[in-house]
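**Student:** What shape does this take:
(2 chains)
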Protein chains: 2
Amino acid sequence: MVFQSSTYGKVLVLDGVIQLTERDECAYQEMITHLPLCSIPNPKKVLVIGGGDGGVLREVSRHSSVEQIDICEIDKMVVDVSKQYFPDVAVGYDDPRVKLHIGDGVAFLKAVPEGTYDAIIVDSSDPIGPAQELFEKPFFESVAKALRPGGVVCTQAESIWLHMHIIEDIVANCRQIFKGSVNYAWTTVPTYPSGVIGFMLCSTEGPLVDFKHPVNPIDKDECCCKSKRPLKFYNSEIHSAAFCLPSFAKKVIESKP
Amino acid sequence: MVFQSSTYGKVLVLDGVIQLTERDECAYQEMITHLPLCSIPNPKKVLVIGGGDGGVLREVSRHSSVEQIDICEIDKMVVDVSKQYFPDVAVGYDDPRVKLHIGDGVAFLKAVPEGTYDAIIVDSSDPIGPAQELFEKPFFESVAKALRPGGVVCTQAESIWLHMHIIEDIVANCRQIFKGSVNYAWTTVPTYPSGVIGFMLCSTEGPLVDFKHPVNPIDKDECCCKSKRPLKFYNSEIHSAAFCLPSFAKKVIESKP
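**Tutor:** Numbers count the residues shown, from 1 in each chain, chains lettered A, B, ... in the order given. Here you go, the predicted structure:
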């Protein structure tokens, strides 16, 4: 469903859940993309799982070091609806580095040769229904395998206010599978439940990634695509701040083995 | 109005606007209180304007250096309703250092001798209706006068997502009146419009206050009132992080003369 709201502009809804609005999509798309990509030097090959609306692609394409952007979206209708109603989001597809694969992300990942990607971004819906597998251990194992040593993944990881039990499980799974860094970050997205959304940021064994201190700043936004709007939300300070957790969340997340 | 919600516990509503819920009140009360009080060494005299529910008092009373806590609330019914339905919030009134004044905060402040308080916390409702004066220049002038040199004020200052035009005006007013530091911070409160709320943190001329780097940590929560629950939300990291703004807000707030 697509509708026009009075405060947040056009809204995209899937299975009764708000996916994005024109007003606040910048926070989600910029954070889920630049938290991982600004944490490693010169990302070249990037895979997006989900994110059919194109917003993550738009953000990835700000990084001039990137040579290849693969996206695997299960629902072609999301792509079509986004192109029709959300041109400022779907603009991500205009980048010639983007290659769209319509299909199941889990199957796609299994077929990826080991060590292919510098970064994988999992822009999924909630872990109930079609996206459930994207929060389970076998999926994280495929992600780790598809990443180069010291490669990074960023996955949508629910709300600290509402889903601490889910987050606990995701963190525990990730700590078992990713032998580099495992961190939780969050940001404000007014139209998501409880007004916040979190991200799991993990790296594979190899060159150590310090997610809290970005090494690949994009603040100046000197990207290759001058036609695009400047960053609205992300900057290096908010990058580091995103890893500071309220005490109730810190206690649970940092106590996980 | 008070009602029981399925996700957020009991909810207090004034004039159709949610004031607090059991689930997320910790974020608001802890941040509006400890952002100012942890930014100065040994606060002794504290004034709360509004905040009749008692939640800010509960937080102020964690600070063992504090000797006197005055509160001026215009609406006695808020106090009574809070004591009846929100005992974990109204517990703030149990502290013997607290003195409750029922009346108009603007008038109360005018009668305060110059330089009385180390810190003033303005826990007001929105700037439409009874609280409007609390966002205007004459009020900020009274606040500045009632503070000692290098004293601090923290006022509720709306949402960066929805009220940038109001925030712009508040920042401009504060920069004219407070000759020490003037900063904007924000935090997540799911049940407030857009899921965030901001605070203006200002200090008067005198010893310089660096709000971004707390000098009076309370993380260990070694307070004088052992009967109270530990901090749920606030810690020193989230204190500093609260001052990191999204680019769209930074541009407006930091460009104000």
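**Student:** what about the closest residue to chain B within the stretch 151-257 of chain A, how many neighbours?
**Tutor:** Closest residue of the stretch 151-257 of chain A to chain B, Cβ to the nearest Cβ: residue A:195 (1.7 Å). In short, each C-beta sits where N, CA and C put it, glycine included. Residue A:195 has 24 neighbours, counted by other Cβ atoms under 10 Å in any protein chain shown.
**Student:** In contact with it, which residues?
**Tutor:** A:161, A:188, A:189, B:188, B:189, B:190, B:194, B:195, B:196 (Cβ atoms under 8 Å, 6 or more residues apart in numbering or on different chains).
**Student:** That one and residue A:16: what is the separation?
**Tutor:** In this view, residue A:195 and residue A:16 are 18 Å apart by Cβ to Cβ, to the nearest Å.
**Student:** give me the beta-bridge partners of residue A:154?
**Tutor:** Beta bridges link residue A:154 to residue A:121, residue A:201, judged by DSSP bridges.
**Student:** Could you tell me how many residues sit around it?
**Tutor:** By other Cβ under 10 Å, 26 other residues sit near residue A:154.
**Student:** Going by residue numbers, what spans are strands in chain A?
**Tutor:** Assigned by DSSP state E, chain A shows strands spanning A:2-5, A:9-14, A:17-21, A:45-50, A:68-73, A:98-102, A:117-123, A:147-156, A:182-188, A:196-203.
**Student:** Would you convert these into TSV that also reports mean pLDDT?
**Tutor:** As requested, the strands of chain A are exported to TSV (pLDDT from 0 to 100):
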stretch	mean pLDDT
strand A:2-5	98
strand A:9-14	97
strand A:17-21	96
strand A:45-50	98
strand A:68-73	98
strand A:98-102	98
strand A:117-123	98
strand A:147-156	98
strand A:182-188	98
strand A:196-203	98
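**Student:** Now render those strands as JSON lines, adding distance to residue B:128.
**Tutor:** What follows is the strands of chain A, written out as JSON lines (distance: least, Cβ to Cβ, whole Å):
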{"stretch": "strand A:2-5", "distance to residue B:128": "21"}
{"stretch": "strand A:9-14", "distance to residue B:128": "23"}
{"stretch": "strand A:17-21", "distance to residue B:128": "24"}
{"stretch": "strand A:45-50", "distance to residue B:128": "41"}
{"stretch": "strand A:68-73", "distance to residue B:128": "44"}
{"stretch": "strand A:98-102", "distance to residue B:128": "46"}
{"stretch": "strand A:117-123", "distance to residue B:128": "38"}
{"stretch": "strand A:147-156", "distance to residue B:128": "36"}
{"stretch": "strand A:182-188", "distance to residue B:128": "23"}
{"stretch": "strand A:196-203", "distance to residue B:128": "26"}
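**Student:** Any idea which of these gets closest to residue A:91?
**Tutor:** With Cβ to Cβ as the criterion, residue A:91 lies closest to strand A:98-102 of those, at 10.7 Å.
**Student:** residues in contact with that closest one?
**Tutor:** Applying Cβ under 8 Å, 6+ apart, the set of residues contacting strand A:98-102 is A:57, A:61, A:68-74, A:76, A:79, A:92-93, A:108.
**Student:** Filter these down to just the buried residues.
**Tutor:** Buried by 16 or more other Cβ atoms under 10 Å in any protein chain shown: A:57, A:61, A:69, A:70, A:71, A:72, A:73, A:74, A:79, A:92, A:93, A:108, out of those.
**Student:** Residue A:179 against residue A:204, yeah?
**Tutor:** Yes: at 6.5 Å, residue A:179 counts as touching residue A:204 under the criterion of Cβ atoms under 8 Å.
**Student:** Looking at these two, which has the bigger crowd around it?
**Tutor:** In terms of neighbours (other Cβ under 10 Å), residue A:204 is the more surrounded of residue A:179 and residue A:204; the figures are 23 against 14.
**Student:** and the gap between that one and residue A:19?
**Tutor:** According to Cβ to Cβ, residue A:204 stands 29 Å off from residue A:19.
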